[in-house]
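Chemist: no sequence for this one, just the structure:
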């Protein structure tokens, strides 16, 4: 008998909605609709498990269970109390609420979460004489509230910890790249998974590891110890095992050249530690070298650079010189490659002295960035009037 299908939402970062929608379609999701920092879709319980295990650009997968209007505290309390929580958990289970507000009705998200907690506990106490407990670390049920204007949306979080926490990154540098953002950048770059992949300022190795996972079709969730849905009362361990084994069988032996460069010996060691944890030492090479000294591998490929942005540098001249070096090195050594640079510092990026097409808007944490593509030709190919590529986003 086929399992019933239901609606889910995969949350992501700004600018990654198109690649997340494409991922979901490739996995077999139905009714895929792009939203703001999210993509909604339908699937069955097995697909919920597969989405958590396999999606590279999702931060979490949630299941909407209720929407209701709220004009005041009483509406929020009553709306939460009406939800049949006993379907999802028992009085001996634990739970936690996380609230996000885009509304003037409530002054603080923690206050809204506290009201919701009281409503759920009161429902159980009245129905069973027992009350479930709050556990913020490892609850049976993670419940998320989103209050926008005069509407409250309630969802169940099936992921547990954010899906960007892959489990392979033990060592990081000062400003580590979020794993979901790294995977999104690689997918946006159009890398074919066969040609060379290079990160010449690789930091703790996140882009390199994500590229190796993508190339070999290794599920990004394979390193995680658990997911939120494994605590649910309808968790099907046999179904999860089938989904997991099926994903593992689809891992390929594809091994393109994946190369990282890192100027700092200490940071390069961190990258090598993370690569070892991910069991990808055979797939990735890290060289302790400056970008200008890194020899371009023969053939074509994609180069992705997440350079310093200048926030921790002493003077503008330092950051401008760095970006000028990037531009000079790209022109001199990397003909035949597509180079992509992520930066919020568009003034410094002018010193690359190449015309980016397109410029894709992304956020690295709170920083409003542009992901800039530079097509590096053999010889000179200057244009008098550089036009912006169709589909680029400011």
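Modeler: Structure received. What you see is a predicted model; the values in this text were computed from it and never measured.
Chemist: C-alpha from now on. contacts and neighbour counts both.
Modeler: Fine.
Chemist: For residue 136, pull up the helix or strand it's in.
Modeler: Secondary structure assignment for residue 136, by DSSP states H and E: no helix or strand.
Chemist: Identify the residues contacting the closest residue to it other than its chain neighbours.
Modeler: In space, and not counting its chain neighbours, residue 136 is closest to residue 96: 5.5 Å by CA to CA, 6 or more residues apart in numbering. Counting by CA atoms under 8 Å, 6 or more residues apart in numbering, residue 96 makes contact with 117, 134-136, 139, 141-143.
Chemist: Dump those residues to a markdown table, plus pLDDT, neighbour count and distance to residue 268.
Modeler: Written out in a markdown table, the entries for the contacts of residue 96 read as follows (pLDDT from 0 to 100; neighbours: other CA atoms under 10 Å; distance: CA to CA, whole Å):
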| residue | pLDDT | neighbour count | distance to residue 268 |
| --- | --- | --- | --- |
| 117 | 97 | 22 | 46 |
| 134 | 95 | 18 | 42 |
| 135 | 94 | 15 | 38 |
| 136 | 91 | 14 | 35 |
| 139 | 95 | 19 | 37 |
| 141 | 96 | 25 | 39 |
| 142 | 97 | 27 | 37 |
| 143 | 97 | 23 | 39 |
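Chemist: In those, find the pair that's most separated.
Modeler: Across the contacts of residue 96, the two members that end up farthest from each other (CA to CA) are 117 and 139, 13.2 Å apart.
Chemist: mind listing the strands for the stretch 251-394 of the chain?
Modeler: 258-261, 284-287, 301-305, 337-343, 359-364, 367-375 (DSSP state E, counting those that start in this stretch).
Chemist: how far out from the middle of the chain is the last one?
Modeler: Right, the one you point to is strand 367-375. Centroid separation for strand 367-375 versus its chain: 17 Å, with CA atoms, centre = their mean, to the nearest Å.
Chemist: Sheet-wise, list the partners of that strand with their directions.
Modeler: As defined by DSSP bridges, the strand partners of strand 367-375 come to strand 337-343 (antiparallel), strand 359-364 (antiparallel).
Chemist: for the residue lying closest to residue 83 once chain neighbours are set aside, helix, strand, or coil?
Modeler: Using CA to CA, 6+ apart and skipping residues adjacent in sequence, the residue nearest residue 83 is residue 66, 7.5 Å away. Three states are possible here, and by DSSP: H, G, I helix; E, B strand; the rest coil the one that applies to residue 66 is strand.
Chemist: residues in contact with the nearest residue to residue 118 once chain neighbours are set aside?
Modeler: Spatial nearest neighbour of residue 118, excluding adjacent residues (CA to CA, 6+ apart): residue 77 at 7.7 Å. Under the criterion of CA under 8 Å, 6+ apart, the neighbours of residue 77 are 115-116, 118-119.
Chemist: Can you tell me which of those comes closest to residue 52?
Modeler: Of all the contacts of residue 77, the one with the least separation from residue 52 (CA to CA) is residue 116, at 26.3 Å.
Chemist: what residue ranges in this protein are flagged as low confidence?
Modeler: Residues of the chain meeting the criterion pLDDT under 70: 1-3, 171-175, 311-317, 379-394.
Chemist: domains in it, as residue ranges please.
Modeler: 6-157, 179-220+251-375 (automatic domain parsing).
Chemist: among the contacts of residue 77, who's most crowded?
Modeler: Using other CA atoms under 10 Å as the neighbour test, these are led by residue 116, with 25 neighbours.
Chemist: if I look at that one, how far off is residue 149?
Modeler: For residue 116, the distance to residue 149 (CA to CA, to the nearest Å) stands at 17 Å.
Chemist: same thing with residue 330?
Modeler: Where residue 149 is concerned, residue 330 sits at a distance of 48 Å (CA to CA).
Chemist: Looking at these two, which one has more neighbours?
Modeler: Regarding residue 330 and residue 149, a neighbour count based on other CA under 10 Å identifies residue 330 as having more, with 23 against 14.
Chemist: Look up phi and psi at the residue nearest to residue 118.
Modeler: phi -60, psi -50 (degrees, to the nearest 10).
Chemist: quick revisit: of the contacts of residue 96, which belong to strands?
Modeler: With strands defined by DSSP state E, the entries of the contacts of residue 96 inside them are 134, 141-143.
Chemist: all strands in the stretch 51-200 of the chain, in order from the N-terminus.
Modeler: Using DSSP E, counting those that start in this stretch, the strands of the stretch 51-200 of the chain run over 60-69, 94-102, 133-134, 141-148, 151-157, 196-199.
Chemist: Could you say which of the ones you listed is packed most deeply?
Modeler: Highest mean neighbour count of these: strand 196-199, a mean of 26 (counted as mean count of other CA atoms under 10 Å).
Chemist: what helices or strands is it leaning on?
Modeler: helix 206-216, strand 258-261, strand 301-305 (3 or more CA pairs under 8 Å, 6 or more residues apart in numbering; DSSP states H and E).
Chemist: Now for residue 371: which residues touch it?
Modeler: For residue 371, the contact set (CA under 8 Å, 6+ apart) comprises 185, 340-343, 358-362.
Chemist: how much space is there between it and residue 342?
Modeler: Applying CA to CA, one obtains 4 Å for the distance of residue 371 from residue 342.
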